[in-house]
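Student: when you get a sec, could you give me coordinates for this:
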Amino acid sequence: MKPNNKQFPEILKEMPKSSVHPFCLEAYDSDADMHAGHFSSPYSVTIEDAVTGTASGVMDAFYAKYINNNFKEQLNLIVEQGHEIEKDGRVMVQVSNNEDKYDIEITGNAVYVKEFDVLLEN
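Tutor: Numbering: from 1, shown residues only. The predicted structure is shown next:
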């Protein structure tokens, strides 16, 4: 999938600075419950994120409410992300059902990529 991020503001008129986080229930890894991507707003520095914990948490709350809403106390999910940009990421999401609300906990691992300096010129 190759997003045309520059068109997001034109399409997402109510929230023109939003990013888009598509997902599907098919995954490369048999241990993963979902596969996702995160396409950044054109106002951002990136085009696509390798892994996005916050969006995975929101996505799994959606999953718990609309796709698998018959779980009792807790739902543990694994979201894979980043394959398309050669970054194999995982986010573990725990959804707890507390009456009419969900508590979401996201965990994962981070890796050091590189160190760099930023020079500001006037």
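
Student: pull the helix or strand with minimum mean pLDDT from this protein.
Tutor: One helix or strand of the chain scores below all others by mean pLDDT, DSSP states H and E: strand 48-49, with a mean of 88.

Student: for this protein, which spans come out with low pLDDT?
Tutor: 110 (pLDDT under 70).

Student: longest strand of it?
Tutor: Longest strand of the chain, by residue count under DSSP state E: strand 89-98.

Student: could I get the buried residue list for that one?
Tutor: Buried positions in strand 89-98, judged by neighbour count with 16 or more other Cβ atoms under 10 Å: 89, 90, 91, 92, 93, 95, 97. Where C-beta positions appear, they are placed from N, C-alpha and C, glycine not excepted.

Student: can you give me the strands in the protein?
Tutor: Using DSSP E, strands in the chain cover 23-24, 34-36, 38-39, 48-49, 74-81, 89-98, 101-107.

Student: so which of these comes closest to residue 1?
Tutor: With Cβ to Cβ, the closest approach to residue 1 among those belongs to strand 38-39: 8.1 Å.

Student: could you list the residues in contact with stretch 46-62?
Tutor: 3, 5, 19, 21, 23, 34, 36-40, 75, 77, 79, 81-82, 84-85, 87, 89-91, 93, 95, 102, 104, 106, 108 (Cβ atoms under 8 Å, 6 or more residues apart in numbering).

Student: now which of the residues you listed would you call buried?
Tutor: 3, 5, 19, 21, 23, 34, 36-40, 75, 77, 79, 81-82, 89-91, 93, 95, 102, 104, 106.
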